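Q: Give me a 3D structure for the following:
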Amino acid sequence: MLKIKKISEIIGKKVFTDEGNFFGEVEEVNLVNNKIEGWRIRVKANNIFSGARGVIIPHSYVRSIGDVFVISQLAMPVQRQEELPDMPSE
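A: Numbers count the residues shown, from 1 in each chain. Take a look at the predicted model:
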């Protein structure tokens, strides 16, 4: 059964990835032609985005909205090669 929520009920909800990692809190919604296009998430302090005011997550990456807000891990950026730890060569 589809449940309808007011956007004001969603603002401030904790955001987790579908792998269970805490990401931040819902700060704002982006509407285009009265449809949700994306969500601005205030990221936690020790996150890769901690210098940013917020990260925009497209609505297509939202997996569920309930007591918490769940986004796909695919919405997370991949670290650049130079940021990855050195892997031993075979």
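Q: From the contact counts, what lies against the longest strand along the chain?
A: Counting by DSSP state E, the longest strand found in the chain is strand 22-32. In terms of contacts (3 or more C-beta pairs under 8 Å, 6 or more residues apart in numbering; DSSP states H and E), strand 22-32 is packed against helix 7-10, strand 14-17, strand 35-43. Glycine gets a C-beta too; all of them are placed from N, C-alpha and C.
Q: Just send those back as CSV, with distance to Val62 and mean neighbour count too.
A: Converted to CSV, those look like this (distance: least, C-beta to C-beta, whole Å; neighbours: other C-beta atoms under 10 Å):
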stretch, distance to Val62, mean neighbour count
helix 7-10, 10, 11
strand 14-17, 9, 18
strand 35-43, 7, 18
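Q: any chance of those in a markdown table, with mean pLDDT and distance to Gln73 too?
A: Formatted as a markdown table, the helices and strands packed on strand 22-32 follow (pLDDT from 0 to 100; distance: least, C-beta to C-beta, whole Å):
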| stretch | mean pLDDT | distance to Gln73 |
| --- | --- | --- |
| helix 7-10 | 89 | 20 |
| strand 14-17 | 94 | 5 |
| strand 35-43 | 91 | 14 |
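Q: sorry, back to before: in CSV, could you pull the C-alpha coordinates for the longest strand of the chain?
A: C-alpha atoms of strand 22-32 as CSV (Å, rounded to 0.1, in the frame of the first residue of the first chain):
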residue,chain,number,x,y,z
PHE,A,22,24.8,6.8,7.8
PHE,A,23,25.1,9.6,5.1
GLY,A,24,23.5,12.7,6.6
GLU,A,25,20.1,14.4,7.0
VAL,A,26,17.5,15.6,4.5
GLU,A,27,17.8,19.3,4.3
GLU,A,28,15.7,20.4,1.3
VAL,A,29,13.7,19.1,-1.7
ASN,A,30,14.1,20.2,-5.3
LEU,A,31,10.8,20.4,-7.2
VAL,A,32,10.4,20.8,-10.9
